[in-house]
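*Asks:* Just the structure for this:
(one chain, ligands or ions: 2)
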Amino acid sequence: MAILEILEFPDPRLRKRAEPVETVDATTMRLVDDMFETMYAAPGIGLAATQVDVHRRIIVIDLSEEKNQPLVLINPEVEVLDPQAETYDEGCLSVPGFYETVIRPRAIRVTAQDRNGEQQEFEAEGLLAVCVQHEIDHLDGKLFVDYLSTVKRQRIRNKLLKQQRSKA
Ligand code: QAP
Ligand code: CO
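*Replies:* Ligands and ions are numbered 1, 2, ... in the order given. This next block holds a predicted model:
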């Protein structure tokens, strides 16, 4: 297993649209395992392949305290069950140090393949619904900062660029 480098906003590679996974093979499984190791080490609760510069429709999530409830979503599809808006203070491993309120539909149905390529389907609300929608956005080249005002987004962008320059 390996810890992968996480791309940070405003890296243009975070804007690429991920392609569907055709067959869940050994390469896919290895990537999933590396994504979990990377997410747990961060630590985070959700990670999309886009964030590690792999442009395939793969997401890993674990909302448990003990980090023992891994959820793998390959080629995920979402249907809104309840469009009523719900707010949540979101963060992102690609936007380290910043949390802002985002509004999304409160309840969804998720269809996706799991780590073995088996089709799974479940309903989600609360943090899981937020996390799935946030991660699917990544696969479409979208970030939570896109829901903020231009002024807020630019301020975050400038602060992160400054941090990244001082690290490099
Ligand atoms: C996405 O986010 C998410 O700023 C997953 O310094 C977030 O794992 C979905 C993290 C909130 C729903 C609600 C962020 C770690 C982790 C940071 C994460 C940081 C260190 C974010
Ligand atoms: Co994110």
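
*Asks:* List the contacts of stretch 52-61.
*Replies:* With Cβ atoms under 8 Å, 6 or more residues apart in numbering as the test, stretch 52-61 has contacts from 4-7, 13, 16-21, 28, 31-32, 34-36, 38-39, 45-49, 70-76, 112, 128, 131-132, 135-136, 138-139. Using the backbone N, CA and C atoms, a C-beta is placed for each residue, glycine as well.

*Asks:* Repeat the analysis, applying 6 Å as the threshold.
*Replies:* 4, 7, 13, 16, 18-21, 35-36, 39, 46-49, 71-75, 131, 135, 139 (Cβ atoms under 6 Å, 6 or more residues apart in numbering).

*Asks:* can you tell me the average pLDDT over that stretch?
*Replies:* Per-residue pLDDT over stretch 52-61 has a mean of 98.

*Asks:* does that stretch come close to ligand 1?
*Replies:* No - using Cβ under 6 Å from any ligand atom, stretch 52-61 stays clear of ligand 1, coming no nearer than 8.1 Å.

*Asks:* can you pull the buried residues of that stretch?
*Replies:* V52, V54, R56, R57, I58, I59, V60, I61 (16 or more other Cβ atoms under 10 Å).

*Asks:* Do a quick rundown of the strands in this structure.
*Replies:* Using DSSP state E, the strands of the chain run over residues 46-48, 58-61, 71-90, 100-113, 119-125.

*Asks:* So for R165, which of these sits nearest?
*Replies:* strand 100-113 (22.7 Å; Cβ to Cβ).

*Asks:* Which one, of the strands of the chain, ends up nearest to L161?
*Replies:* Among the strands of the chain, strand 100-113 sits nearest to L161 (Cβ to Cβ), with 17.7 Å.

*Asks:* For the closest one, buried residues please.
*Replies:* Neighbour count says strand 100-113 has E100, V102, R104, P105, R106, A107, I108, V110, A112, Q113 buried, by 16+ other Cβ under 10 Å.

*Asks:* Geometric centre of the protein: which residue is closest?
*Replies:* In the chain, the residue lying closest to the centroid (Cα atoms, centre = their mean) is E135, at 2.8 Å.

*Asks:* interface residues of the protein facing ligand 1?
*Replies:* Residues of the chain lying near ligand 1 (Cβ under 6 Å from any ligand atom): 42, 44-46, 88, 90-93, 96-98, 130-131, 134.
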